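# only the shape, not the letters, is given here:
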């Protein structure tokens, strides 16, 4: 008899009976509200084309670096998992490797989400294992040919009200335009302006990229004002296609205010490939500040995702490409790094800056105090490694006492894994209910207030932060 | 029907019934013990004059930057709140802004304390809201004219045994002397020596300030030994008026041991306005160490409150002055920064140094280990942003396993808000009871020991740390 | 009537009844499994000689700097405790000082372990106090003359399967050889290679030490290749005596890849005493990386214990020697510091690197992400100040969601206090049971999986990490 795979109806709710009862009521009032997903990495072409998903391995494993990294850590080769740029791995073999190592995911966020997805979407009722691998593979594969499992049908079934993608500034956004123009698809799919590679002189291909950018707007590559104008033009293009935010994945949230002449001098050296590391840092720091200025003017919400050392293992990067599980967090600090930006734009009404972190120490020390004063600063919910039950509760306990419930971003799934979106939002709703129930149980807020907050956290709060 | 405002008799106690029962018993044994408040910011003139409080807005909002910052973050103008140096805001309008935004405070320490104060002191039984704003304003205002609501009556009603204020070194302490000499007031109100502005060459007006200081003791401004002697003389003046501690609000707890010649050279450049940032840091670091030496000799307990970037928003500072909600924490480190001080004075019996932090990471990593060895080092309880239920429990869980219960400062309210003093001490007592109950429930300490510790934490522990 | 000293059978298990029941079952399934102790500081001569312990003070107090530091912090002189190099303190007087101050240990890990040891090993049933000091001293002393209380009998009674000691690279390991050859002792006692003092040019006596090292292998002191060969030879000697790991206690986990010529140049200056602080850091950082290379080749598991400022109080160090309670943690960072090592060796199958920390912030931010990708990186369980109930649960909650349960080191007692070994492992087993029970109660893992994990955590997990 294989071990059963089950979903506890009260999962993530507090175990203490009185708290569980309160939490269950709170959760049930929000469980089925529409999903607002203002930041993520789903490929919009998937929704345009609406093709069946190819196989269980691609759906759950090869594209999910949360999963492949844990298998890799246990000694499984990335090539045999078909991870990253590896190709040609047999999907069924990949699935077997995953199933045999199921216990490695116990207690992780991925294990939790996968259980949710396997049970609720595919009706799998046995634990993945060597023994059950083939049967579960076949069961999932069989469903994938069902029209109800195509992307648009799932989009509707998931109750997604808004889904934001993440896009290159030079993207023509034709896919988004096609989706918007398609009367047979009612979902709202918004692009997000992600200009990192155009703002960092040390990014591979920077000069070529800004050449294309500036050329698109009719200015010379080394004309700094032309470069700024081209960025503004691309932002306008994104806004015209429904974008509400611009995303910035920087290694540190360093900002610096430079004159146009200073910045222009750095820019010309950057384009010429003559900027040293210190100069590149100044340029990036100034551009982050200038992007805040553009956001204050054109209204795009600015999200900052800093503090990750990307591609820590060169050999893995060379063999399998980026996003293959070896991006490792760093200490992050906002108070001083962000001050030039906030001095210049922090009190402007048009600006919304959402601060994310993979360094938990920042929550109570910096992000909550900043968001507790600046109307422009919003608290990004737990991101990446921290998007997991205990980390989420630590987050709520760290920021709420300083900043309350109304300075947050609302939940953000930040995922490439389309099928995990409901699992992730459901997790967040359960945890918010658990947290609120504890405050009620401890006599810190009345139940009626908790009921209002629970609803606000998935409706008005994300709408306000992301101007939806 | 407006929503009721209520205080749960068991608030902040654990929800699990067995733990709640133990916690309730522990709490009830200490709930009514006198309040020892060895560090805070109440204006002593308020107690000397004993005038009625002016209005609900001034009492609860305009002077409380915990509250105004959250309203500001939500988009309410500080001017319309009468915050800081803003004047002329209509108290009733301010109160309405506060009441309409009551939900912003849900889950914050301020929301918790205000509920306590409104219910226990003013008998308010409806939640603040646009609808109830006028009625609650009137109800509070009516009470303020009652003699029972004058400062001295409240001081007695609150059960305050000792209240320390925070004072400029050049203060003549006439107010404290008047209170001590007043037979009609039996409270003990002690000054605290707060010399920051006289020790930091980068503080505005430093040269003028030390000129007045040294002149008061009959030496030339640029005479370093005279400067030290003047500081010692002012400390003696404070001790003569009952002071037990000197408070140091430094941006970092950096200390450095310099010879008199080295320090004197820095001092002369400081007075002349010629000291650069690096030199100013050395001077401050040396003066912090020298203040420890003075404390070891004259017995004033040294409290260190580091790691806050003051006045983060220049525009707000210029418009509304300091203490208007935009002081933001920084990473803080003690192990290496404080070593020169502890090498020189850390084993001296006369020295007590109480270490506070707004960077929680320091608790288990540095403060508890230091206080677990040096007899001179005491653990400051959670301060400022961390003075809230979850943060306090994190603090206890972070320091107790390394340093036990007897290396702490005892609770410190650190408040300007006189009316919040009982709410804050009550919160601390409930949380200590909750923490102790958990240790009892987990079989880590026997109940009888928990009972002794609960009492010690509000009696012998603060008395020892502050030499009361 | 003196207060009773008791051990709660359910101590450290969750208080909530449903969770307690699950935790109790998990715990009972692992409570009596053999102890694997792959890193610690027990003196192997104690087991070779198998002499009776001398007295209660030496057994519980004078050698335990966790205990003496807390008494010192309360004002008790280290000399009167016979701590460190202090000699001549009357054991009974030391015991009295300890007993009188028992309440100082309430809530600490030491208080918890001592209660366990006094009750389970010595049948003490009254709380230590001035009143009970003599009776408890006599009761313990009486047992010490019983053959059942000799080291080997206790080793067997404790159910220790493997015990690793920590040894100087030049140790001839004759004691280990004698124990291995002794048919009357069946325990497995392994040496551990601890080369810090041979790798750090700033360590006192470095030049003399490497002179002896290189001479032992027949090369000149200033011959860098000879130095490396001698280290390899000593590692081989340790491996021949059963060693499975090499331990590295560095102030920071900084690593740097240097050519042989660069490293050789630094080495010659180090031997000549001419290396400055920056050069010494480079040399240490390069040697840590080279030790990883040796580990990848010879298979010794590499444990890294960084981030402790040793001998913070010079006066105490001069008076009482090292390990006298004033080693204080520092901030630690791995992501960038360890990258050169992992770039060079992180994907090699032979390498196991176990990362410990006394800076809790590293768990979720750096160690779990690294161990969640690199097959060579393992998560060290809480160490030193963090080896205590609440800290252990924080650790589990911080790393599991990212790295699961199978990337850890297994519990490590790291102790000199032989009698505390069962108390420490029992604590770990209770806490793991408590943590797993919570995940079960919250519907995050099924009970059957928790049961397997509980067993694995004390069997396959440490065996894998330490190649046992």
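Ah, there it is. These numbers come from a predicted model, not from an experiment.

# OK, contacts around residue A:43?
If a contact means Cβ atoms under 8 Å, 6 or more residues apart in numbering or on different chains, then residue A:43 has A:165, A:416 as its contacts. (Glycine included, C-beta is placed from N, CA and C.)

# could you pull out the strands for the stretch 351-468 of chain A?
A:353-355, A:377-379 (DSSP state E, counting those that start in this stretch).

# count the residues that sit near residue A:180.
For residue A:180, the neighbour count with other Cβ atoms under 10 Å in any protein chain shown is 15.

# over to residue A:205?
The burial count for residue A:205: 10, using other Cβ under 10 Å.

# what mean pLDDT does stretch A:292-302 get?
The average pLDDT within stretch A:292-302 is 98.

# tell me which residues of that stretch come out buried.
Buried positions in stretch A:292-302, judged by neighbour count with 16 or more other Cβ atoms under 10 Å in any protein chain shown: A:292-296, A:298-302.

# ok now that stretch, how far from the chain's centre?
Taking Cα atoms, centre = their mean, to the nearest Å, one finds the center of stretch A:292-302 at 20 Å from the center of the full chain.

# and the pLDDT at residue A:345?
Taking residue A:345 on its own, its pLDDT is 98.

# isn't it up against residue A:351?
Yes: using Cβ atoms under 8 Å, residue A:345 makes contact with residue A:351 at a distance of 5.2 Å.

# overlap in contacts, the two.
In contact with both residue A:345 and residue A:351: A:292, A:295-296, A:376, using Cβ under 8 Å, 6+ apart.

# quick check: phi and psi at residue A:245.
Taking degrees, to the nearest 10, you get phi -150, psi 160 for the backbone angles of residue A:245.

# tell me the spacing between it and chain C.
Residue A:245 is 26 Å from chain C, where distance means Cβ to the nearest Cβ, to the nearest Å.

# residue A:164 is in contact with that residue, correct?
Yes: applying Cβ under 8 Å as the test, residue A:245 and residue A:164 come out as touching, 6.9 Å apart.

# and for those two, which residues touch both?
Joint contacts of residue A:245 and residue A:164 (Cβ under 8 Å, 6+ apart) are A:38-39, A:192.

# JSON lines please, covering those residues and showing secondary structure and distance to chain C.
Listed next are the shared contacts of residue A:245 and residue A:164 as JSON lines, based on DSSP: H, G, I helix; E, B strand; the rest coil; distance: Cβ to the nearest Cβ, whole Å:
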{"residue": "A:38", "secondary structure": "coil", "distance to chain C": "23"}
{"residue": "A:39", "secondary structure": "coil", "distance to chain C": "21"}
{"residue": "A:192", "secondary structure": "coil", "distance to chain C": "25"}
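
# compare those residues and tell me which is most surrounded.
residue A:39 (29 neighbours).

# pretty sure that one contacts residue A:193?
No: in this structure, residue A:39 is not within contact of residue A:193 by Cβ under 8 Å, at 11.6 Å.

# need the pLDDT of the closest residue to residue A:359 other than its chain neighbours.
Computed as Cβ to Cβ, 6 or more residues apart in numbering or on different chains, the closest residue to residue A:359 that is not its neighbour in sequence is residue A:332, at 4.2 Å. Per-residue pLDDT puts residue A:332 at 96.

# how many other residues sit next to residue A:332?
So residue A:332, with other Cβ under 10 Å, has 25 neighbours.

# what's the answer for the one 4 residues further on, then?
The number of residues packed around residue A:336, counting by other Cβ under 10 Å, is 16.

# mind checking pLDDT for it?
In this model, residue A:336 carries a pLDDT of 98.

# cool, and residue A:86?
Taking residue A:86 on its own, its pLDDT is 88.

# re the thing from before, any idea which of the strands of the stretch 351-468 of chain A gets closest to chain B?
strand A:377-379 (7.7 Å; Cβ to the nearest Cβ).

# report all helices and strands that that closest one contacts.
The elements that strand A:377-379 packs onto, with contact taken as 3 or more Cβ pairs under 8 Å, 6 or more residues apart in numbering or on different chains; DSSP states H and E, are strand A:353-355, helix A:368-371.

# what sits up against that strand?
By Cβ under 8 Å, 6+ apart, strand A:377-379 touches A:342, A:346, A:352-355, A:363, A:367-368, A:370-371, A:399, A:403, A:407-409, A:465, B:73.

# how about the residues of the stretch 351-468 of chain A by chain B?
A:361, A:364-366, A:368-375, A:377, A:397-398, A:400-407, A:438-439, A:441-446, A:448-449, A:452-453 (Cβ under 8 Å from any Cβ of the partner chain).

# in helices, which of those residues fall?
Counting by DSSP state H, the part of these found in helices is A:361, A:368-371, A:397-398, A:400-403, A:438-439, A:441, A:448-449, A:452-453.
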